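# this is the structure alone, sequence omitted:
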């Protein structure tokens, strides 16, 4: 899941022109560039966050890989040298389009959620995943660049529903995530016709039994989705490998706030 959400910066307001001039954002062109993203993911997920990764057999040590990677488009943010030459990858995201999901047998989210109610909309969906930003670039510019590029690519593919998830730390077993879920469910839920169900829900016994339990602040990536008018699709799923609760989210591109649309779509 999107375990990097534990440490990602919040998406800056589109009016803020803070994109670092020495960053460039491009889609991976070959397998070697995909491996650069996988190396960054390994450093953040495994070495920094301590996630338990399960790559396919034969994957070299130091890469975070899964069976969805060959079917995804991988977005890379690089530093640039002073002469404009491409430098190391400092952020990455991946996009699984509707037709690619059909080829691979489904969306990644289906490993954690029952998406039955989204069945009639599958040909409109692009799924985001494996968001990752190096520690020195977590002030917002890299993530903002990627969101803009993804919105543009979604339009090129004829997709208008963005499916994703955002992770909430659950080192306490899930009680804080439950408290956050209870608060957000009051105002941020999608309509019943869009609801999904977790395959492995948080344990009900961990749910706060008092309304006085103070929920934690929403992590930056979850807050970024909600600021962009995404809606929560259902109760979170427990991710034992990353020790977090994953909140399923859907963002219709037509629901982007006007300022986001100008930044991500109209200007492009």
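All right, it came through fine. Keep in mind that what you see is a predicted model, and the values were worked out from it rather than measured.
# let me see the contact set for residue 149.
Neighbour list for residue 149: 25, 27, 75 [criterion: C-beta atoms under 8 Å, 6 or more residues apart in numbering]. Placement of C-beta: from N, CA and C, glycine included.
# repeat that for residue 252.
By C-beta under 8 Å, 6+ apart, the contact set of residue 252 is 160-162.
# in the stretch 151-268 of the chain, what residue spans correspond to strands?
Under the criterion DSSP state E, counting those that start in this stretch, the stretch 151-268 of the chain carries strands at the ranges 161-169, 197-198, 231-232, 237-239, 244-252.
# what sits up against the second one?
Around strand 197-198, the neighbours that count as contacts under C-beta under 8 Å, 6+ apart are 112-114, 234-238, 246, 248.
# neighbours around residue 165, how many?
29 (other C-beta atoms under 10 Å).
# what sits closest to it if chain neighbours are left out?
In space, and not counting its chain neighbours, residue 165 is closest to residue 246: 4.5 Å by C-beta to C-beta, 6 or more residues apart in numbering.
# neighbours of the one you found, how many?
If you count neighbours by other C-beta under 10 Å, residue 246 ends up with 28.
# and the lengthiest helix in the chain, how far from the chain's centre?
Secondary structure of the chain per DSSP state H: the longest helix is helix 141-156. Centroid separation for helix 141-156 versus its chain: 12 Å, with C-alpha atoms, centre = their mean, to the nearest Å.
# re the thing from before, hmm, which of the contacts of strand 197-198 are the buried ones?
Taking 16 or more other C-beta atoms under 10 Å as the criterion, what is buried in these is 112-113, 234-238, 246, 248.
# pLDDT (mean, whole number) over stretch 79-97?
On average, the pLDDT along stretch 79-97 is 90.
# just the terminal-to-terminal distance for that stretch.
27 Å (C-alpha to C-alpha, to the nearest Å).
# looking at this, residue 44 is in a helix?
Yes. Membership of residue 44 in a helix is supported by DSSP: H, G, I helix; E, B strand; the rest coil.
# with adjacent residues omitted, what lies nearest to it?
residue 132 (5.0 Å).
# that neighbour in helix, strand or coil?
strand.
# read off the pLDDT value for it.
Per-residue pLDDT puts residue 132 at 92.
# what is it paired to in the beta sheet?
As for beta bridges, residue 132 partners with residue 92 under DSSP bridges.
# that one contacts residue 45, doesn't it?
Yes. Residue 132 is within contact range of residue 45, at 7.2 Å (criterion: C-beta atoms under 8 Å).
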